[in-house]
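S.K.: What shape does this take:
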Amino acid sequence: MTFSLLALTFLLFGGAAVLMGNAIAETWRPWWQNITYGALLAIADEFLGFALFDGPFFIDSLVSSDGGPFGEALAAYLVDAVIICAISLLAYRVTLARKMVSQYPWLYERTGLLGWRGKGRA
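M.R.: Alright, predicted model coming up:
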């Protein structure tokens with residue numbers, strides 16, 4: 001992957017993944033929705049990489065005769081999807097830990113950036 005495609009994935013779509021993870025946690029939705037929306041966000045990432053930087057795009061490989069190899073395009077999509085989903089899951093867990101402690105301070109206390117535990121438990 002080129003630098004421009006990685007910058008697109010990490011900066012633009014990584015920021016969108018953080019916002020997505022925060023929104024899912026703020027509305028108390030389940031964690032697996034990060035995976036579903038992350039896969040859709042990765043398709044948008046692949047399309048912009050294809051349109052702006054002539055990167056691989058698996059849909060173009062399927063429908064066009066002059067498209068690149070399908071395996072390479074699918075591998076690039078999966079890498080982008082894993083990166084976006086990992087960023088959104090991290091943001092989801094950080095937001096959920098903050099919400100649990102702030103909304104239920106008599107029940108829970110922070111145990112770090114990603115966790116909480118019941119008060120009075122060691």
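
S.K.: by contact count, what packs against the longest helix along the chain?
M.R.: Looking across the chain with DSSP state H, the single longest helix is helix 70-103. The helices and strands touching helix 70-103, judged by 3 or more Cβ pairs under 8 Å, 6 or more residues apart in numbering; DSSP states H and E, are helix 14-26, helix 33-53, helix 58-63, strand 108-110, strand 116-118. Where C-beta positions appear, they are placed from N, C-alpha and C, glycine not excepted.

S.K.: which parts of it are buried?
M.R.: The neighbour-count check on helix 70-103 (16 or more other Cβ atoms under 10 Å) flags 73, 76-77, 80-81, 83-85, 87-98, 100-101 as buried.

S.K.: What spatial separation is found between the residue nearest to K119 when sequence neighbours are not counted and G115?
M.R.: With Cβ to Cβ, 6 or more residues apart in numbering as the criterion, K119 has its nearest non-adjacent residue at 5.4 Å, and that residue is E109. As for E109, its distance to G115 is 10 Å (criterion: Cβ to Cβ, to the nearest Å).
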